[in-house]
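**Q** Quick one: sequence and predicted model below, then my questions.
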Amino acid sequence: MSVLSVVCTALGDPGKGASLPRLETQLLERIKLKSDQVRIRVASSSVNFADVLQLRGLYQEKLEPPFVPGKEVSGEVIEVGEKVTQFSPGSFVVAVCSSGAFAEECVAPASSCFPLPRGVDVREASAIPIAFGTAHLALVERAKLRPGQVVLVLGAGGGVGLAAVQIAKLLGARVVAVARGGTKGKAVKQFGADHWIDSETEGINLQVEVKKAAPAGVDVLFDTVGGQATHESIRCLRWGAQVLLIGFASGNIPSIAANIALVKNITLHGVYWGMYLSKAPEVVRESLREVLAWAAEGRLRVPICRSFPLEDARLALGVLHSREAVGKVILRPSAEMQPRL
Ligand SMILES: NC(=O)c1ccc[n+]([C@@H]2O[C@H](COP(=O)([O-])OP(=O)(O)OC[C@H]3O[C@@H](n4cnc5c(N)ncnc54)[C@H](OP(=O)(O)O)[C@@H]3O)[C@@H](O)[C@H]2O)c1
(Lines give C-alpha, C1' and ligand atoms only; values in the text may rest on other atoms or scores of the structure.)
Protein backbone atom coordinates (compact mmCIF):
# COMPACT_ATOMS: atom_id res chain seq x y z
CA MET A 1 0.00 0.00 0.00
CA SER A 2 1.35 3.45 -0.86
CA VAL A 3 0.66 6.82 0.77
CA LEU A 4 0.42 10.19 -0.96
CA SER A 5 2.98 12.36 0.82
CA VAL A 6 4.67 15.74 0.47
CA VAL A 7 8.42 15.14 0.21
CA CYS A 8 11.07 17.82 0.70
CA THR A 9 13.94 16.94 -1.63
CA ALA A 10 15.95 20.16 -1.10
CA LEU A 11 15.89 22.83 1.61
CA GLY A 12 15.20 26.46 0.71
CA ASP A 13 12.85 29.34 1.31
CA PRO A 14 9.11 28.59 0.98
CA GLY A 15 8.30 32.21 0.16
CA LYS A 16 8.96 33.91 -3.14
CA GLY A 17 12.58 34.21 -4.21
CA ALA A 18 15.49 32.34 -5.64
CA SER A 19 16.02 29.52 -3.16
CA LEU A 20 12.72 27.66 -2.85
CA PRO A 21 12.52 24.35 -1.00
CA ARG A 22 11.88 21.52 -3.41
CA LEU A 23 8.59 19.89 -2.42
CA GLU A 24 7.08 17.05 -4.44
CA THR A 25 4.00 14.93 -3.87
CA GLN A 26 5.07 11.30 -4.08
CA LEU A 27 3.51 7.90 -3.42
CA LEU A 28 5.61 6.39 -0.62
CA GLU A 29 5.47 2.82 0.64
CA ARG A 30 3.75 2.45 4.01
CA ILE A 31 6.30 1.98 6.79
CA LYS A 32 5.91 -0.85 9.29
CA LEU A 33 4.56 0.28 12.68
CA LYS A 34 6.73 -0.03 15.79
CA SER A 35 5.09 -1.56 18.84
CA ASP A 36 4.39 1.83 20.51
CA GLN A 37 3.12 3.66 17.40
CA VAL A 38 -0.24 4.31 15.77
CA ARG A 39 -1.12 4.88 12.11
CA ILE A 40 -3.57 7.72 11.48
CA ARG A 41 -5.68 8.40 8.41
CA VAL A 42 -5.17 12.15 8.18
CA ALA A 43 -8.18 14.48 8.09
CA SER A 44 -5.94 17.54 8.21
CA SER A 45 -2.35 18.58 8.92
CA SER A 46 -1.54 21.95 10.39
CA VAL A 47 1.26 24.17 9.07
CA ASN A 48 3.52 25.60 11.77
CA PHE A 49 6.15 28.32 11.90
CA ALA A 50 8.60 25.55 12.82
CA ASP A 51 7.89 23.82 9.46
CA VAL A 52 8.89 26.98 7.62
CA LEU A 53 12.10 27.25 9.65
CA GLN A 54 12.85 23.53 9.18
CA LEU A 55 12.42 23.75 5.41
CA ARG A 56 14.88 26.66 5.40
CA GLY A 57 17.36 24.65 7.50
CA LEU A 58 16.96 27.15 10.36
CA TYR A 59 15.10 25.10 12.98
CA GLN A 60 16.85 23.74 16.09
CA GLU A 61 15.82 20.20 15.09
CA LYS A 62 17.49 19.69 11.68
CA LEU A 63 16.18 17.24 9.06
CA GLU A 64 18.14 16.22 5.98
CA PRO A 65 16.19 15.78 2.71
CA PRO A 66 14.45 13.71 1.64
CA PHE A 67 11.84 13.94 4.41
CA VAL A 68 8.10 14.42 4.78
CA PRO A 69 7.53 17.71 6.64
CA GLY A 70 4.76 18.47 9.14
CA LYS A 71 4.35 18.04 12.89
CA GLU A 72 0.68 17.73 13.74
CA VAL A 73 -2.40 16.01 12.40
CA SER A 74 -5.96 15.14 13.24
CA GLY A 75 -7.67 12.02 11.99
CA GLU A 76 -8.75 8.45 12.59
CA VAL A 77 -6.53 5.71 13.98
CA ILE A 78 -6.40 2.85 11.47
CA GLU A 79 -3.72 0.61 13.01
CA VAL A 80 -1.95 0.32 16.36
CA GLY A 81 1.32 -1.29 17.44
CA GLU A 82 1.12 -4.36 19.67
CA LYS A 83 1.94 -2.46 22.89
CA VAL A 84 -0.64 0.31 22.33
CA THR A 85 -3.64 -0.07 24.64
CA GLN A 86 -5.10 3.46 24.88
CA PHE A 87 -6.22 3.66 21.21
CA SER A 88 -7.71 1.24 18.73
CA PRO A 89 -8.72 1.45 15.07
CA GLY A 90 -11.66 3.85 14.85
CA SER A 91 -10.38 6.20 17.61
CA PHE A 92 -10.31 9.87 16.59
CA VAL A 93 -7.22 11.76 17.70
CA VAL A 94 -5.00 14.78 17.34
CA ALA A 95 -1.32 13.89 17.25
CA VAL A 96 2.13 15.42 17.06
CA CYS A 97 5.22 13.93 15.46
CA SER A 98 8.75 15.11 14.63
CA SER A 99 7.96 14.93 10.87
CA GLY A 100 5.65 13.15 8.45
CA ALA A 101 2.38 15.01 8.96
CA PHE A 102 1.99 16.34 5.39
CA ALA A 103 0.59 13.08 4.03
CA GLU A 104 -2.61 11.04 3.69
CA GLU A 105 -1.43 8.84 6.56
CA CYS A 106 0.85 9.63 9.47
CA VAL A 107 2.67 7.46 11.99
CA ALA A 108 3.00 8.90 15.52
CA PRO A 109 4.00 7.54 18.93
CA ALA A 110 0.86 6.66 20.90
CA SER A 111 2.25 8.86 23.71
CA SER A 112 1.89 11.91 21.40
CA CYS A 113 -1.72 11.18 20.44
CA PHE A 114 -4.66 12.75 22.30
CA PRO A 115 -8.29 11.64 22.12
CA LEU A 116 -10.48 14.01 20.14
CA PRO A 117 -13.82 14.63 21.86
CA ARG A 118 -17.07 14.82 19.90
CA GLY A 119 -17.94 18.41 19.08
CA VAL A 120 -14.55 19.25 17.59
CA ASP A 121 -14.41 19.01 13.80
CA VAL A 122 -11.76 16.39 12.98
CA ARG A 123 -11.05 18.23 9.70
CA GLU A 124 -9.85 21.32 11.60
CA ALA A 125 -8.55 19.85 14.85
CA SER A 126 -4.93 19.54 13.65
CA ALA A 127 -4.68 23.30 14.27
CA ILE A 128 -5.19 22.81 18.00
CA PRO A 129 -2.35 20.93 19.77
CA ILE A 130 0.72 23.12 19.21
CA ALA A 131 -0.90 26.59 19.05
CA PHE A 132 -3.52 26.15 21.78
CA GLY A 133 -1.34 23.74 23.76
CA THR A 134 1.47 26.30 23.92
CA ALA A 135 -0.85 29.19 24.80
CA HIS A 136 -2.62 27.15 27.51
CA LEU A 137 0.58 25.79 29.02
CA ALA A 138 2.08 29.29 29.16
CA LEU A 139 -0.95 31.15 30.54
CA VAL A 140 -2.37 28.47 32.84
CA GLU A 141 0.53 26.27 33.95
CA ARG A 142 3.31 28.87 33.97
CA ALA A 143 1.74 32.32 34.51
CA LYS A 144 -1.26 31.04 36.50
CA LEU A 145 -3.27 33.86 34.92
CA ARG A 146 -6.00 35.32 37.13
CA PRO A 147 -9.24 37.10 36.18
CA GLY A 148 -8.81 40.85 35.79
CA GLN A 149 -5.11 40.70 34.93
CA VAL A 150 -3.88 42.51 31.83
CA VAL A 151 -2.26 40.33 29.16
CA LEU A 152 -0.28 41.88 26.31
CA VAL A 153 -0.08 39.52 23.30
CA LEU A 154 2.58 40.22 20.64
CA GLY A 155 1.99 38.55 17.23
CA ALA A 156 -1.66 38.29 18.26
CA GLY A 157 -2.93 37.64 14.71
CA GLY A 158 -0.78 34.51 14.28
CA GLY A 159 -1.70 30.93 15.14
CA VAL A 160 -0.32 30.93 18.68
CA GLY A 161 -1.34 34.59 19.18
CA LEU A 162 -5.04 34.03 18.42
CA ALA A 163 -5.03 30.99 20.69
CA ALA A 164 -3.53 33.10 23.49
CA VAL A 165 -6.09 35.88 22.97
CA GLN A 166 -8.95 33.40 23.31
CA ILE A 167 -7.57 31.51 26.30
CA ALA A 168 -6.69 34.71 28.17
CA LYS A 169 -10.24 36.01 27.61
CA LEU A 170 -11.73 32.72 28.71
CA LEU A 171 -9.75 33.02 31.96
CA GLY A 172 -11.20 36.48 32.56
CA ALA A 173 -8.17 38.59 31.64
CA ARG A 174 -8.15 41.93 29.82
CA VAL A 175 -6.32 41.45 26.51
CA VAL A 176 -4.26 44.03 24.66
CA ALA A 177 -3.33 42.59 21.25
CA VAL A 178 -0.58 43.79 18.92
CA ALA A 179 -1.03 42.81 15.27
CA ARG A 180 -0.12 44.33 11.92
CA GLY A 181 -2.84 45.77 9.68
CA GLY A 182 -6.63 45.89 9.55
CA THR A 183 -7.34 42.25 8.65
CA LYS A 184 -5.42 40.95 11.67
CA GLY A 185 -6.87 43.77 13.78
CA LYS A 186 -10.41 42.71 12.90
CA ALA A 187 -9.55 39.10 13.72
CA VAL A 188 -8.04 39.78 17.14
CA LYS A 189 -11.17 41.77 18.05
CA GLN A 190 -13.45 39.02 16.77
CA PHE A 191 -11.57 36.50 18.89
CA GLY A 192 -12.07 38.63 21.99
CA ALA A 193 -9.22 41.15 22.37
CA ASP A 194 -10.32 44.22 24.33
CA HIS A 195 -7.84 46.50 22.64
CA TRP A 196 -5.93 46.27 19.35
CA ILE A 197 -2.67 48.08 18.61
CA ASP A 198 -1.75 48.23 14.92
CA SER A 199 2.01 47.68 14.73
CA GLU A 200 1.90 48.91 11.12
CA THR A 201 0.90 52.47 12.09
CA GLU A 202 3.54 54.87 10.80
CA GLY A 203 5.85 56.18 13.51
CA ILE A 204 4.19 54.03 16.18
CA ASN A 205 5.70 53.99 19.67
CA LEU A 206 4.55 50.66 21.10
CA GLN A 207 5.39 51.66 24.64
CA VAL A 208 3.16 54.75 24.43
CA GLU A 209 0.29 52.79 22.84
CA VAL A 210 0.41 50.01 25.45
CA LYS A 211 0.47 52.56 28.26
CA LYS A 212 -2.64 54.21 26.78
CA ALA A 213 -4.41 50.84 26.67
CA ALA A 214 -3.20 49.66 30.09
CA PRO A 215 -2.32 52.71 32.22
CA ALA A 216 -1.68 50.61 35.36
CA GLY A 217 0.71 48.37 33.42
CA VAL A 218 0.78 44.85 32.00
CA ASP A 219 0.64 41.78 34.26
CA VAL A 220 1.57 39.14 31.68
CA LEU A 221 3.50 39.62 28.43
CA PHE A 222 2.86 36.80 25.93
CA ASP A 223 5.67 37.23 23.41
CA THR A 224 5.82 35.31 20.12
CA VAL A 225 7.75 38.01 18.25
CA GLY A 226 10.93 39.10 20.07
CA GLY A 227 13.19 41.92 18.92
CA GLN A 228 12.26 45.57 19.39
CA ALA A 229 8.66 44.73 20.32
CA THR A 230 9.93 42.84 23.40
CA HIS A 231 12.15 45.73 24.47
CA GLU A 232 9.30 48.23 24.23
CA SER A 233 6.82 45.90 25.95
CA ILE A 234 9.11 45.18 28.90
CA ARG A 235 8.94 48.89 29.73
CA CYS A 236 5.15 48.62 30.14
CA LEU A 237 5.22 45.84 32.76
CA ARG A 238 3.91 46.52 36.22
CA TRP A 239 5.60 45.42 39.45
CA GLY A 240 5.59 41.61 39.79
CA ALA A 241 4.73 40.99 36.12
CA GLN A 242 5.46 37.80 34.21
CA VAL A 243 7.03 37.43 30.77
CA LEU A 244 6.18 34.36 28.67
CA LEU A 245 8.92 33.86 26.08
CA ILE A 246 7.22 31.84 23.34
CA GLY A 247 9.08 32.60 20.12
CA PHE A 248 11.09 35.01 18.02
CA ALA A 249 9.07 35.31 14.82
CA SER A 250 10.86 38.58 14.04
CA GLY A 251 14.10 36.60 13.79
CA ASN A 252 15.60 38.81 16.48
CA ILE A 253 16.33 37.34 19.92
CA PRO A 254 16.03 40.14 22.50
CA SER A 255 18.32 40.64 25.50
CA ILE A 256 16.39 41.48 28.64
CA ALA A 257 18.28 43.54 31.21
CA ALA A 258 18.54 41.62 34.48
CA ASN A 259 18.42 44.87 36.47
CA ILE A 260 14.95 45.66 35.11
CA ALA A 261 13.79 42.15 36.07
CA LEU A 262 15.25 42.67 39.55
CA VAL A 263 13.86 46.13 40.21
CA LYS A 264 10.36 45.29 39.00
CA ASN A 265 10.32 41.75 40.47
CA ILE A 266 9.63 40.33 37.02
CA THR A 267 9.49 36.57 36.37
CA LEU A 268 10.75 35.35 32.97
CA HIS A 269 9.32 32.04 31.75
CA GLY A 270 10.93 30.23 28.83
CA VAL A 271 8.14 28.09 27.34
CA TYR A 272 8.92 25.26 24.91
CA TRP A 273 5.86 23.08 24.44
CA GLY A 274 7.68 20.33 22.51
CA MET A 275 10.08 19.81 25.41
CA TYR A 276 7.17 19.50 27.88
CA LEU A 277 5.87 16.70 25.69
CA SER A 278 8.99 14.65 26.39
CA LYS A 279 9.84 15.87 29.93
CA ALA A 280 6.39 16.30 31.51
CA PRO A 281 3.90 14.47 29.26
CA GLU A 282 1.24 14.31 31.98
CA VAL A 283 1.17 18.14 32.11
CA VAL A 284 0.64 18.33 28.34
CA ARG A 285 -2.02 15.62 28.44
CA GLU A 286 -4.02 17.46 31.11
CA SER A 287 -3.55 20.82 29.38
CA LEU A 288 -4.75 19.48 26.01
CA ARG A 289 -7.63 17.66 27.65
CA GLU A 290 -8.88 21.01 28.96
CA VAL A 291 -8.27 22.82 25.65
CA LEU A 292 -10.10 20.14 23.65
CA ALA A 293 -12.99 20.14 26.13
CA TRP A 294 -13.30 23.93 25.77
CA ALA A 295 -13.24 23.55 21.98
CA ALA A 296 -15.93 20.85 22.15
CA GLU A 297 -18.10 23.14 24.30
CA GLY A 298 -17.68 25.94 21.73
CA ARG A 299 -15.76 28.12 24.20
CA LEU A 300 -12.71 28.20 21.89
CA ARG A 301 -12.85 28.56 18.11
CA VAL A 302 -10.20 27.10 15.82
CA PRO A 303 -9.02 30.09 13.77
CA ILE A 304 -8.35 28.65 10.32
CA CYS A 305 -7.75 31.20 7.58
CA ARG A 306 -6.72 28.98 4.65
CA SER A 307 -6.94 25.31 3.71
CA PHE A 308 -4.90 23.73 0.87
CA PRO A 309 -4.65 20.29 -0.74
CA LEU A 310 -1.37 18.40 -0.14
CA GLU A 311 -0.22 19.25 -3.66
CA ASP A 312 -0.19 22.95 -2.69
CA ALA A 313 1.93 22.54 0.45
CA ARG A 314 4.42 25.12 -0.79
CA LEU A 315 1.65 27.72 -1.20
CA ALA A 316 0.43 26.94 2.30
CA LEU A 317 3.92 27.40 3.75
CA GLY A 318 4.27 30.61 1.73
CA VAL A 319 1.16 32.10 3.38
CA LEU A 320 2.80 31.66 6.79
CA HIS A 321 6.22 32.78 5.63
CA SER A 322 4.87 36.00 4.09
CA ARG A 323 2.98 36.87 7.33
CA GLU A 324 -0.34 36.77 5.48
CA ALA A 325 -1.74 34.05 7.75
CA VAL A 326 -4.42 35.20 10.18
CA GLY A 327 -4.55 32.31 12.61
CA LYS A 328 -3.84 28.84 11.24
CA VAL A 329 -3.22 27.34 7.80
CA ILE A 330 -4.01 23.66 7.25
CA LEU A 331 -3.51 20.99 4.57
CA ARG A 332 -6.22 18.51 3.72
CA PRO A 333 -5.66 15.27 1.83
CA SER A 334 -8.10 14.94 -1.06
CA ALA A 335 -10.06 12.03 0.45
CA GLU A 336 -12.49 14.04 2.62
CA MET A 337 -13.36 12.80 6.09
CA GLN A 338 -16.81 13.46 7.55
CA PRO A 339 -16.96 16.07 10.33
CA ARG A 340 -18.19 13.63 13.10
CA LEU A 341 -19.57 16.42 15.28
N1 LIG B 1 7.61 27.93 22.46
C2 LIG B 1 6.87 27.06 21.83
O3 LIG B 1 6.66 25.93 22.29
C4 LIG B 1 6.27 27.46 20.51
C5 LIG B 1 5.18 26.76 19.96
C6 LIG B 1 4.64 27.21 18.75
C7 LIG B 1 5.21 28.32 18.13
N8 LIG B 1 6.28 28.95 18.68
C9 LIG B 1 6.90 30.13 18.06
O10 LIG B 1 5.99 31.21 18.22
C11 LIG B 1 6.14 32.10 17.12
C12 LIG B 1 4.78 32.31 16.49
O13 LIG B 1 4.30 31.09 15.97
P14 LIG B 1 2.91 31.07 15.18
O15 LIG B 1 2.58 29.66 14.93
O16 LIG B 1 1.92 31.93 15.85
O17 LIG B 1 3.36 31.77 13.81
P18 LIG B 1 2.48 32.66 12.82
O19 LIG B 1 1.11 32.14 12.79
O20 LIG B 1 3.26 32.75 11.57
O21 LIG B 1 2.45 34.08 13.54
C22 LIG B 1 3.63 34.79 13.78
C23 LIG B 1 3.28 36.25 13.95
O24 LIG B 1 4.50 36.93 14.27
C25 LIG B 1 4.48 38.22 13.72
N26 LIG B 1 5.78 38.60 13.14
C27 LIG B 1 6.48 39.69 13.47
N28 LIG B 1 7.60 39.76 12.78
C29 LIG B 1 7.61 38.71 11.95
C30 LIG B 1 8.51 38.28 10.96
N31 LIG B 1 9.64 38.95 10.69
N32 LIG B 1 8.20 37.16 10.29
C33 LIG B 1 7.07 36.49 10.56
N34 LIG B 1 6.18 36.86 11.50
C35 LIG B 1 6.45 37.97 12.18
C36 LIG B 1 3.40 38.22 12.65
O37 LIG B 1 2.46 39.16 13.07
P38 LIG B 1 2.35 40.59 12.39
O39 LIG B 1 2.25 40.37 10.91
O40 LIG B 1 1.10 41.09 13.02
O41 LIG B 1 3.57 41.34 12.80
C42 LIG B 1 2.75 36.85 12.67
O43 LIG B 1 1.34 36.93 12.70
C44 LIG B 1 7.17 31.49 16.20
O45 LIG B 1 8.43 32.03 16.48
C46 LIG B 1 7.15 30.01 16.58
O47 LIG B 1 8.38 29.36 16.30
C48 LIG B 1 6.81 28.54 19.86
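**A** Looks like it arrived, so ask away. Numbering: from 1, shown residues only.
**Q** what about stretch 195-209, average pLDDT?
**A** Per-residue pLDDT over stretch 195-209 has a mean of 96.
**Q** unless I'm mixing things up, E76 is touching S44, no?
**A** No: using Cβ atoms under 8 Å, E76 is not in contact with S44, being 11.8 Å away. Bear in mind the C-beta positions are built from the backbone N, C-alpha and C, glycine included.
**Q** list residues touching both of these two?
**A** Counting by Cβ atoms under 8 Å, 6 or more residues apart in numbering, the shared contacts of E76 and S44 are V122.
**Q** Taking this protein, what residue is nearest to the ligand?
**A** Taking Cβ to the nearest ligand atom, the ligand has its nearest neighbour within the chain at G158, 2.0 Å off.
**Q** re the thing from before, higher neighbour count, E76 and S44?
**A** Per other Cβ atoms under 10 Å, whichever of E76 and S44 has more neighbours is S44, with 25 against 19.
**Q** thinking again about what came up before, would you list the phi and psi of the residue of the chain closest to the ligand?
**A** Per-residue torsions, G158: phi -80, psi -180 (degrees, to the nearest 10).
**Q** near the ligand, which residues of the stretch 201-341 of the chain?
**A** 224-225, 246-251, 271-274, 320, 323, 325 (Cβ under 6 Å from any ligand atom).
**Q** Return the entry from the residues you listed with the maximum number of neighbours.
**A** Counting by other Cβ under 10 Å, I246 has the largest number of neighbours within these, with 27 neighbours.
**Q** Distance check, it against Y272.
**A** According to Cβ to Cβ, to the nearest Å, I246 stands 9 Å off from Y272.
**Q** Determine which residue of the chain is most distant from the centre point.
**A** No residue in the chain sits farther from the centre than V263, which is 32.8 Å out by Cα atoms, centre = their mean.
**Q** In strands, which of the residues of the stretch 201-341 of the chain next to the ligand fall?
**A** Among those, no member falls in strands (DSSP state E).
**Q** ok, now which ones touch the residue of the chain closest to the ligand?
**A** Residues counted as contacts of G158 (Cβ under 8 Å, 6+ apart) are 49, 224, 249, 325, 327.
**Q** so the second one makes contact with L244?
**A** No: counting by Cβ under 8 Å, T224 sits too far from L244 to count as a contact (9.1 Å).
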